[in-house]
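In: Below is the sequence, then the predicted model.
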Amino acid sequence: MSIVSLSIVFFILTLLFTGYMRHYALKKNIIDNPNERSSHSVPTPRGGGVAIVGSYLLALVTLMYSQQLALHTGFILMAAGFVIALLGFLDDHGHINSMLRLAIHFLVAIAVVVSLGGFGEVIIFNGVQLGFIANIIAVLFLVWLLNLYNFMDGINGIASVEAITATVSMAILYLLLSISLNSEILWLLAACVCGFLLWNFPKAKIFMGDACSGFLGLTLGILALVALKENLALFCAWIICLGVFVVDATYTLIKRVLSGHKMYDAHRSHSYQILSRKWGSHTPVTLVVASINLFWLFPIAYITVTQNITYPEISVLIAYIPLLLVAIKLKAGNPNA
């Protein structure tokens with residue numbers, strides 16, 4: 001079956017599965033009730049992202065069965081993703097201690113890095129070999145991406161749009177470069193997320209929930225690390241395409257920690273949350289994020305991987321500076337913003 005046909009199948013599967021999850025959430029009273037820190041004003045079912053998780057895991061099995069995906073890569077994505085999704089699912093049903101949750105995140109990240117063979121061979125800035133430090137950075141990268149995706153899943157459609165634009169952008173780059181990396185897993189992830197998006201944007205009939213936000217963050221992180229095995233420029237392209245989430249979450253967290261707040265304290269001081277209040281709607285903010293990803297970050301990522309740039313790390317800096325200036329301008333991380 002062609003990748004187009006598979007994408008349609010898994011789009012429809014996720015669309016139907018999300019409808020079932022909404023029915024399940026209403027029946028089990030798994031409802032996100034608005035409070036002073038929420039960006040929504042209407043009680044809404046949560047946990048719909050389980051449909052993305054289930055559909056994508058099935059998609060990975062399909063690709064492995066048809067020999068379109070290496071078993072090793074597929075099993076890493078499935079095993080790590082399932083553990084994180086299960087952890088998030090349990091957290092959606094009843095609170096799990098934040099330190100226990102973080103410890104499991106680190107254990108999963110370490111297992112992924114070891115399973116991928118480590119990154120001691122990675123060379124940055126055209127000559128600096130990090131050695132074992134690269135493995136530590138890779139673990140921290142996975143844990144941070146996993147958590148920041150949860151932090152950034154706060155308004156209708158934003159987490160889905162970020163995943164779709166990032167995966168489609170990278171899938172296009174993979175095809176243009178004719179490299180050995182598998183683009184099918186990217187197209188199918190985008191298709192699954194699209195199936196959920198119709199339930200979550202512009203008006204949210206169900207929220208994604210921790211089960212899927214962490215799963216998406218980890219999955220995107222693993223795919224980026226697999227690209228790093230190919231070359232540094234491809235990894236930088238991934239980091240560029242995920243720039244809106246990385247910059248907003250990182251700057252906001254640093255600002256809040258320096259102000260004496262705890263990392264896991266709920267708040268509404270991310271740039272996207274501030275904008276949604278200023279504009280009185282989630283929709284324009286999500287559309288702006290999509291536009292930034294497609295018309296600013298994707299072109300920079302394209303140039304980074306096609307022009308044989310000596311220092312691709314500089315491209316990340318160029319992509320991030322305007323995003324950082326926006327966060328500063330909006331006073332992200334400031335509780336009074």
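Out: Looks like it arrived, so ask away.
In: Residue 285 is in contact with residue 279, correct?
Out: Yes. Assessed by Cβ atoms under 8 Å, residue 279 is found in contact with residue 285 at 6.5 Å. Glycine gets a C-beta too; all of them are placed from N, C-alpha and C.
In: Looking at those two, which one has more neighbours?
Out: residue 285 (23 against 12; other Cβ atoms under 10 Å).
In: Determine the set of other helices and strands touching the helix or strand containing that one.
Out: For residue 285, the enclosing helix or strand under DSSP states H and E is helix 283-292. Helices and strands touching helix 283-292, by 3 or more Cβ pairs under 8 Å, 6 or more residues apart in numbering; DSSP states H and E, are helix 158-177, helix 243-258, helix 271-279.
In: Need the contact partners of the following helix or strand past it.
Out: Under the assignment DSSP H and E, the closest C-terminal helix or strand after helix 283-292 is helix 298-306. Residues outside helix 298-306 that contact it (Cβ atoms under 8 Å, 6 or more residues apart in numbering): 165, 169-170, 173, 176-177, 233-234, 236-238, 240-241, 309, 312, 315, 318-319.
In: Which residue is the nearest non-sequential neighbour of the most centrally placed residue in the chain?
Out: For the chain, the residue nearest the mean C-alpha position is residue 217 (3.5 Å; Cα atoms, centre = their mean). Spatial nearest neighbour of residue 217, excluding adjacent residues (Cβ to Cβ, 6 or more residues apart in numbering): residue 149 at 3.0 Å.
In: And for the closest residue to residue 174 other than its chain neighbours, the neighbour number?
Out: Excluding its sequence neighbours, the residue lying closest to residue 174 (Cβ to Cβ, 6+ apart) is residue 183, at 4.1 Å. By the measure other Cβ under 10 Å, the count of residues near residue 183 is 18.
In: hang on, isn't residue 183 packed against residue 175?
Out: Yes. Contact criterion Cβ under 8 Å: residue 183 and residue 175 qualify, at 5.7 Å.
In: Low-confidence regions, the stretch 1-150 of the chain specifically.
Out: Within the stretch 1-150 of the chain, the ranges that satisfy pLDDT under 70 run 35-41.
In: which residues in it form strands?
Out: 31-32, 44-45, 123-124, 128-129 (DSSP state E, counting those that start in this stretch).
In: Looking at those strands, spot the one closest to residue 138.
Out: strand 123-124 (12.5 Å; Cβ to Cβ).
In: Sheet partners, orientation included, of that closest one?
Out: strand 128-129 (antiparallel) (DSSP bridges).
In: what's next to the strand it pairs with, contact-wise?
Out: 120-123.
In: swap in stretch 321-329?
Out: Under Cβ under 8 Å, 6+ apart, the answer for stretch 321-329 is 243-244, 247-248, 251-252, 271, 292, 296, 333.
In: Just flag the most distant two among these.
Out: When the contacts of stretch 321-329 are compared pair by pair using Cβ to Cβ, the maximum separation belongs to 296 and 333, at 22.4 Å.
In: the more surrounded of these two?
Out: The neighbour comparison of residue 296 against residue 333 (other Cβ under 10 Å) goes to residue 333, with 24 against 16.
In: Identify the residues contacting the more buried one.
Out: Residues near residue 333 by Cβ under 8 Å, 6+ apart: 251-256, 259, 269, 327.
In: Same question for residue 117.
Out: Taking Cβ under 8 Å, 6+ apart as the test, what residue 117 contacts is residue 229.
In: Residue 310 versus the residue with the largest distance to the centre of the chain, what's the distance?
Out: Most distant from the centre of the chain: residue 127, at 29.9 Å, with distances by Cα atoms, centre = their mean. Noted for residue 127: a distance of 10 Å to residue 310, by Cβ to Cβ, to the nearest Å.
In: how about stretch 121-132: buried residues?
Out: The neighbour-count check on stretch 121-132 (16 or more other Cβ atoms under 10 Å) flags 122, 124, 130 as buried.
In: what's across from the second one in the sheet?
Out: Right, the one you point to is residue 124. Beta-bridge pairing for residue 124 (DSSP bridges): residue 128.
In: I'd say it and residue 232 touch.
Out: Yes. Using Cβ under 8 Å, residue 124 is in contact with residue 232, at 6.6 Å.
In: Give me the common contacts of those two.
Out: Residues touching both residue 124 and residue 232 (Cβ under 8 Å, 6+ apart): residue 313.
In: quick revisit: residue 198: which of the strands of the stretch 1-150 of the chain is closest?
Out: strand 44-45 (15.0 Å).
In: Partner strands of the closest one and their direction?
Out: strand 31-32 (antiparallel).
In: now the biggest helix by length in the chain: how far from the chain's centre is it?
Out: In the chain, taking DSSP state H as the definition, the longest helix is helix 3-27. Here the centre of helix 3-27 is set off from its chain's centre by 19 Å, with Cα atoms, centre = their mean, to the nearest Å.
In: what packs against that helix?
Out: By 3+ Cβ pairs under 8 Å, 6+ apart, helix 3-27 packs against strand 44-45, helix 50-65, helix 184-200.
In: Format these as JSON lines; extra columns: mean neighbour count and distance to residue 92.
Out: Below are those laid out as JSON lines (neighbours: other Cβ atoms under 10 Å; distance: least, Cβ to Cβ, whole Å):
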{"stretch": "strand 44-45", "mean neighbour count": "22", "distance to residue 92": "10"}
{"stretch": "helix 50-65", "mean neighbour count": "22", "distance to residue 92": "9"}
{"stretch": "helix 184-200", "mean neighbour count": "25", "distance to residue 92": "15"}
